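Asks: give me a 3D structure for the following:
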Amino acid sequence: MFAASRVFSTAAKRSFSTSAANLSKVAVVGAAGGIGQPLSLLLKENPHVTHLSLYDIVNTPGVAADLSHINTNSKVTGHTAENNGIEAALKDAHLVVIPAGVPRKPGMTRDDLFNTNASIVRDIATAAAKHCPNAHFLIISNPVNSTVPIFAETMKKAGVFNPKRLYGVTTLDVVRASRFVSEVKSLDPKDVNVTVIGGHSGVTIVPLLSQTGLEFTKEELDALTHRIQFGGDEVVQAKNGTGSATLSMAFAGARFANSVLEATVGGKKNVVEPSFVQSDIFAAEGVEYFSTNVTLGPEGVEKIHAVGQVTDYEKELISKAVPELKKNIAKGNAFAQ
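Replies: This next block holds a predicted model:
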């Protein structure tokens, strides 16, 4: 097994049973892109997936044919608008992962992607409302702070919105935080768990380093916080105009998808992941969606965890994140209307 196979635990593989077969069609919308291809590869290894359904505007049949040669027990189908369409890709899906959209380029913020990706996400939501309204939806398409509200409002218009089954995937922020902190403290990343709250862009990303149990100097706090908030820029600049974070995002997206499947199909209890979901935590400030740890269960979001004890340093970060989040969410809601 290659290293990334650690995304899927041995326990998850053992817990798989044929009784889950009618529940584990997984659709990836944007499957031929920079995130979609490695994400689909990781999902092909997941034993909870019995049917991997891939959709994109081009090249999906080829990606599907390639993945179908991997000797795991799931069939793979590839769909484009000309090849059975999005209806066939989504119909009866239990889980839909959406990395569709354009990547960032140097100098672009996630908000710069809004005009293109907003309409893509709206159209996917419209199709999902028709063909798989009861699925679990994982939104990767940026800017997540705005695309999640767009997806939600579109589903509301169709009368099929379920807040327990809509997730903005912020897992990459905790993956990065774990890696960056472990580098500074010379630890194994698997032993470093960092709670990250807020949203999924810039100052809306709030790492709660005080909750790690580790000690940090002010200089370390400043450097780590900035790197966690703007780590995506490192990749955009290093790729020099050819793309953004695709492999690390695919890893993080697969981790979250696996957790949802373990909770909803595999019968695993107390599955906890961070996610940008409809939340009351900062509702009084007009922030309808917020990322914190959530416990996943058979129906989706089972419990939204409180922020917990934070330092004055982190309170200041939150005070900067909340108004920016409010603006991002309002932008998504306005677009959907």
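Asks: phi, psi for the residue with the largest distance to the centre of the chain please.
Replies: In the chain, T217 marks the outermost C-alpha relative to the chain mean, sitting 31.0 Å out by CA atoms, centre = their mean. Torsion angles at T217 (phi, psi; degrees, to the nearest 10) stand at phi -80, psi 170.
Asks: give me the pLDDT for it.
Replies: You'll see T217 listed with a pLDDT of 97.
Asks: so how far is L209 from it?
Replies: With distances taken as CB to CB, to the nearest Å, T217 is found 11 Å from L209. Just so you know, the C-beta spots here come from the backbone N, C-alpha and C atoms, and that holds for glycine as well.
Asks: hmm, V196 is touching S291, no?
Replies: Yes. Between V196 and S291 there is a contact at 7.3 Å, judged by CB atoms under 8 Å.
Asks: these two: which is more packed in?
Replies: S291 (31 against 26; other CB atoms under 10 Å).
Asks: tell me the contacts of the more buried one?
Replies: By CB atoms under 8 Å, 6 or more residues apart in numbering, the residues touching S291 are 168, 170, 173, 196-200, 274-277.
Asks: reformat those residues as TSV; add distance to L43.
Replies: As requested, the contacts of S291 are exported to TSV (distance: CB to CB, whole Å):
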residue	distance to L43
G168	19
T170	19
D173	21
V196	24
I197	27
G198	27
G199	25
H200	21
P274	20
S275	18
F276	21
V277	21
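Asks: in a markdown table: those residues, plus secondary structure.
Replies: Converted to a markdown table, these look like this (DSSP: H, G, I helix; E, B strand; the rest coil):
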| residue | secondary structure |
| --- | --- |
| G168 | strand |
| T170 | coil |
| D173 | helix |
| V196 | strand |
| I197 | strand |
| G198 | strand |
| G199 | coil |
| H200 | coil |
| P274 | strand |
| S275 | strand |
| F276 | strand |
| V277 | strand |
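Asks: quick one: those residues as JSON lines, columns for pLDDT too.
Replies: JSON lines is the format used below for the contacts of S291 (pLDDT from 0 to 100):
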{"residue": "G168", "pLDDT": "98"}
{"residue": "T170", "pLDDT": "98"}
{"residue": "D173", "pLDDT": "98"}
{"residue": "V196", "pLDDT": "98"}
{"residue": "I197", "pLDDT": "98"}
{"residue": "G198", "pLDDT": "98"}
{"residue": "G199", "pLDDT": "98"}
{"residue": "H200", "pLDDT": "97"}
{"residue": "P274", "pLDDT": "98"}
{"residue": "S275", "pLDDT": "98"}
{"residue": "F276", "pLDDT": "98"}
{"residue": "V277", "pLDDT": "98"}
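Asks: restricted to buried residues, select those residues in ChimeraX.
Replies: Filtering the contacts of S291 down to the buried ones (16 or more other CB atoms under 10 Å) takes a single ChimeraX command:
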select :168,170,173,196,197,198,199,200,274,275,276,277
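Asks: for the contacts of S291, which one is nearest G266?
Replies: If you rank the contacts of S291 by distance to G266 using CB to CB, S275 comes first, at 17.8 Å.
Asks: now that closest one, nearest residue through space, not along the chain?
Replies: Among residues not flanking S275 along the chain, Y167 sits closest, at 4.4 Å (CB to CB, 6 or more residues apart in numbering).
Asks: where does the prediction get shaky in the stretch 51-200 of the chain?
Replies: Scanning the stretch 51-200 of the chain for pLDDT under 70 picks out 104, 108-111.
Asks: what does the domain assignment say about the protein?
Replies: 3-170, 171-245+271-336 (automatic domain parsing).
Asks: mind listing the strands for the stretch 201-337 of the chain?
Replies: Ranges of strands in the stretch 201-337 of the chain, per DSSP state E, counting those that start in this stretch, are 205-207, 271-278, 289-297, 300-304.
Asks: which of the ones you listed sits closest to E262?
Replies: Here strand 271-278 is closest among the strands of the stretch 201-337 of the chain (CB to CB), at 5.5 Å.
Asks: run the angle between the closest one and strand 300-304 for me.
Replies: Relative orientation of strand 271-278 and strand 300-304, computed by axes from the mean of the first three to the mean of the last three CA atoms, to 10 degrees: 90 degrees.
Asks: which helices and strands sit right next to strand 271-278?
Replies: Other elements packing on strand 271-278 under the criterion 3 or more CB pairs under 8 Å, 6 or more residues apart in numbering; DSSP states H and E are helix 144-157, strand 166-168, helix 171-185, helix 247-264, strand 289-297, strand 300-304.
Asks: can you redo the ones you listed as a markdown table with distance to L90?
Replies: A markdown table is the format used below for the helices and strands packed on strand 271-278 (distance: least, CB to CB, whole Å):
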| stretch | distance to L90 |
| --- | --- |
| helix 144-157 | 13 |
| strand 166-168 | 15 |
| helix 171-185 | 23 |
| helix 247-264 | 16 |
| strand 289-297 | 22 |
| strand 300-304 | 18 |
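Asks: with N73 as the reference, name the closest of those.
Replies: Closest to N73 of the helices and strands packed on strand 271-278 is helix 247-264 (CB to CB; 14.3 Å).
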